[in-house]
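>>> Can you look at this prediction? I've put the sequence above it.
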Amino acid sequence: MKGLMQDWPLTVMSIIDHAKRFHGEREVVTRTVEGPIHRTTYADIHLRARKTAQALTKLGVKQGDMVATMAWNTYRHMEAWYGIMGMGAVCHTLNPRLFAEQLTYIINHAEDKFIIFDTSFVPVIEAVADTIPNVKGFIILTDKAHMPETKLKNVYCFDDLVEAEDGNFDWADVDENDACGLCYTSGTTGNPKGVLYSHRSNVLHALAANSADAIGLRSVDAIMPVVPMFHANAWAITFAAPAAGAKIVMPGAQMDGASIYELLDTEQVTTTAAVPTVWLMLLGHLEKTGAKLPALNKVVIGGSAAPRSMIETFERDYDVTVMHAWGMTELSPMGTLGAFKAGMEDLPFEKKLDIKVKQGRAIYTVEMKITDDDGKELPNDGVAFGHLMVRGPAVAASYLKGEGGQILDEDGWFDTGDVATLDPLGFMQITDRAKDVIKSGGEWISSIELENTAVGHPEIVEAAVIGIVHPKWDERPLLIVVPKPDTKPTKESVLAFMEGKIAKWWMPDDVVFVDEIPHTATGKIQKLALREKFKDYKLPSASAAE
Ligand code: ADP
């Protein structure tokens, strides 16, 4: 027997409609790419999104077409998003940090019809313009006064297009399972692959993100997504915040410690989210200036493992709750968040940190298990580690155009490529990416745990660990560190610091000091580049074993 309830399609337009109707006065504050702070409201975003949809329709964009954006987090980017999705087209977020060849590949593979971008990306788009023949035109996210010089053809000014319309536009009649967003994975192996989100998957994910144990936004909150909208939907925030009626603070192009602090402070931000490298810069700024952030309640840290020392500093020195989160583009992107369960709040501080360094518990809508190499499920005892498998209504079923072939097993599980433990209370901890784990004498060493231990050293800013070929053990860990400015830590002091904090046989065989560690387009340590750089590196222990 069928239920007798209304069939109300879960579309992202329903989110911005709700925000307009019930939170129309709530602010969206932006540090614009042009410089000044700009203030608008959900009511106005809604209006300008409809005008964007009208303008795109006039330019010939059709339902189902791909329209790319390359933009920082700003109100204009949000208007473009809802405008594109609201007319039934697909918003394809481009990561400006990708190389020209990758951009060309992605734009051509997606068959983007238009590209909408910030003034700061004119050179990036100009560099690929001759290699993307399907793109019919370019829309620059600014007003007439700030339109840059460019040799691009078919260029439009976003504000001009928007202001020429009256906003009298009905959202497209779409099925909730229709595509509305596209984001390519970073493609550390092979070509990047497109993850195609549906209206339904985005709405369900926004609802899950707003549950109290997840990001849990409320109408009284002010949320600053420092994580870019081109990095896996800004972790659902551009959908979750209007759904909740929370104020949004958009940091634009400036993500240094001083700029982020200024917005957190002046806009009384209560919740914020970004990768660890951003928080490294903010904490450095706070330490230097002695500033505090009394309004800030919650910091979501994900994309890479949050080091214990970072969690400790936020919680102890700034009285901010850290939410460690794990996810990936294929999961819309959130899979787990680390909210405490009953009784944990009363534990001693160090015990609480033991829990916070784990990546957290699966949010509702995500199923999760760990398996051995043969696909057999492993126990959830917090010790056994294996392949992390997920499934759910906001998890990818396949990549755009079938790239990569069949990505689910026969029971619908997606292999995340991560290796993890699961404990009896449901807390998951990432051991490593399967390809980064160090295989020593048939056992596995977690590069993440070594890195996190090393950055607790007072003279280390950042650490990376890679496996180096070893004649006796197959691989042994090499620790690569960036010292804090004006300090000179020694190998002996670093290893002595790590002693007792990790298993003896996990101790790195050598330590090298570098000025900088390379990062991927989404702020992760670029292990591939490090492995290439140190491919001929000889560990002292290797010579001894020969
Ligand atoms: P992006 O590169 O856009 O961040 P990906 O989907 O390529 O997104 O990255 C997802 C991967 O990032 C995960 O599979 C995992 O390896 C890593 N990751 C994300 N969050 C965490 C975290 N909190 N701790 C450790 N690794 C993480």
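Sure, I can see it. Model, not experiment: these values are computed from the prediction. Numbering: from 1, shown residues only.
>>> Just give the closest residue to the closest residue to the ligand within the stretch 201-350 of the chain, not the sequence neighbours.
As assessed by CB to the nearest ligand atom, the ligand sits closest to Met328 within the stretch 201-350 of the chain, at 3.2 Å. The way it works is simple: take the backbone N, C-alpha and C, and place the C-beta from them, glycine included. Among residues not flanking Met328 along the chain, Thr416 sits closest, at 6.2 Å (CB to CB, 6 or more residues apart in numbering).
>>> next one: phi and psi at that neighbour?
phi -70, psi -20 (degrees, to the nearest 10).
>>> could you list every residue that touches it?
Going by CB atoms under 8 Å, 6 or more residues apart in numbering, Thr416 touches 328, 330, 335, 387-390.
>>> which secondary structure elements does the helix or strand harbouring His38 contact?
In this assignment (DSSP states H and E), His38 forms part of strand 37-41. Applying 3 or more CB pairs under 8 Å, 6 or more residues apart in numbering; DSSP states H and E, we find strand 37-41 packed against strand 27-31.
>>> and this structure, which residues reach the ligand?
For the chain, the contact set with the ligand under CB under 6 Å from any ligand atom comprises 185-186, 231-232, 302-305, 324-329, 359, 416-418, 430, 433, 522, 524.
>>> residue ranges for the helices of the stretch 51-200 of the chain, please.
75-86, 100-110, 122-128, 158-163, 199-209 (DSSP state H, counting those that start in this stretch).
>>> before we move on, back to that, mind checking pLDDT for the residue nearest to Met328?
For Thr416, the pLDDT comes out at 97.
>>> what's the distance between it and Phe121?
Here the criterion is CB to CB, to the nearest Å. By it, Thr416 lies 31 Å from Phe121.
>>> neighbours around the residue in the stretch 401-546 of the chain positioned nearest to the ligand, how many?
Closest contact between the stretch 401-546 of the chain and the ligand, by CB to the nearest ligand atom, is at Thr522 (3.6 Å). Number of residues near Thr522 (other CB atoms under 10 Å) recorded here: 19.
>>> who's in contact with it?
Thr522 is in contact with 95, 97, 186, 231, 275, 303, counting by CB under 8 Å, 6+ apart.
>>> if you set the cut-off to 7 Å instead, what comes out?
By CB atoms under 7 Å, 6 or more residues apart in numbering, the contact list for Thr522 reads 186, 231, 303.
>>> Adding pLDDT, distance to Pro540 and neighbour count, write the residues you listed out as CSV.
As requested, the contacts of Thr522 are exported to CSV (pLDDT from 0 to 100; distance: CB to CB, whole Å; neighbours: other CB atoms under 10 Å):
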residue, pLDDT, distance to Pro540, neighbour count
Ser186, 73, 34, 20
His231, 93, 39, 24
Gly303, 94, 34, 25
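>>> Which of the residues you listed fall in strands?
Among the contacts of Thr522, no member falls in strands (DSSP state E).
>>> hang on, Leu400 packs against Leu196?
Yes: counting by CB atoms under 7 Å, Leu400 does reach Leu196; the two are 5.2 Å apart.
>>> which neighbours do these two share?
Residues touching both Leu400 and Leu196 (CB under 7 Å, 6+ apart): Leu182.
>>> what does the strand or helix carrying Asp354 rub up against?
Assigned by DSSP H and E, Asp354 falls within helix 349-356. Contact with helix 349-356 is made by 308, 311-312, 322, 324, 338, 340, 344, 427, as judged by CB under 7 Å, 6+ apart.
>>> now stretch 390-405, how far from the centre of its chain.
In this view, stretch 390-405 has its centroid 18 Å away from the chain centroid, taken as CA atoms, centre = their mean, to the nearest Å.
>>> which residues touch it?
Identification of contacts with stretch 390-405 by CB under 7 Å, 6+ apart yields 110, 182, 193-196, 201, 204-205, 330-332, 335, 365-368, 407-408, 412-414, 416.
>>> buried stuff in that stretch?
Residues 390-392, 394-396, 398-400 are the ones in stretch 390-405 that count as buried (16 or more other CB atoms under 10 Å).
>>> okay, those residues in a markdown table with pLDDT and secondary structure next?
Formatted as a markdown table, the buried residues of stretch 390-405 follow (pLDDT from 0 to 100; DSSP: H, G, I helix; E, B strand; the rest coil):
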| residue | pLDDT | secondary structure |
| --- | --- | --- |
| Val390 | 98 | strand |
| Arg391 | 98 | strand |
| Gly392 | 98 | coil |
| Ala394 | 98 | coil |
| Val395 | 98 | coil |
| Ala396 | 98 | coil |
| Ser398 | 97 | coil |
| Tyr399 | 97 | coil |
| Leu400 | 98 | helix |
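>>> could you dump the residues you listed to JSON lines with distance to Glu176?
Below are the buried residues of stretch 390-405 laid out as JSON lines (distance: CB to CB, whole Å):
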{"residue": "Val390", "distance to Glu176": "22"}
{"residue": "Arg391", "distance to Glu176": "19"}
{"residue": "Gly392", "distance to Glu176": "16"}
{"residue": "Ala394", "distance to Glu176": "12"}
{"residue": "Val395", "distance to Glu176": "16"}
{"residue": "Ala396", "distance to Glu176": "17"}
{"residue": "Ser398", "distance to Glu176": "19"}
{"residue": "Tyr399", "distance to Glu176": "21"}
{"residue": "Leu400", "distance to Glu176": "19"}
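>>> any idea which helix or strand comes after the helix holding Asp354?
With elements assigned by DSSP H and E, the helix or strand that comes after helix 349-356 is strand 360-362.
>>> Closest to Leu296 out of the contacts of helix 349-356?
Minimum distance to Leu296 across these is 11.0 Å, recorded for Val322 (CB to CB).
>>> Backbone dihedrals for that closest one, please?
Torsion angles, degrees, to the nearest 10, at Val322: phi -90, psi 130.
>>> again with the one 5 residues further on
Dihedral pair for Gly327: phi -170, psi -180, per degrees, to the nearest 10.
>>> Quick check: which ranges of the protein have low pLDDT?
187-189, 545-546 (pLDDT under 70).
>>> Which residue ranges make up the domains of it?
Domain ranges of the chain: 7-197, 436-545, per automatic domain parsing.
>>> Would you reformat those as TSV and include distance to Lys288?
Listed next are these as TSV, based on distance: least, CB to CB, whole Å:
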stretch	distance to Lys288
domain 7-197	21
domain 436-545	11
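>>> Could you single out the most deeply buried of the ones you listed?
Ranked by mean neighbour count, the domains of the chain are led by domain 7-197 with a mean of 19 (mean count of other CB atoms under 10 Å).
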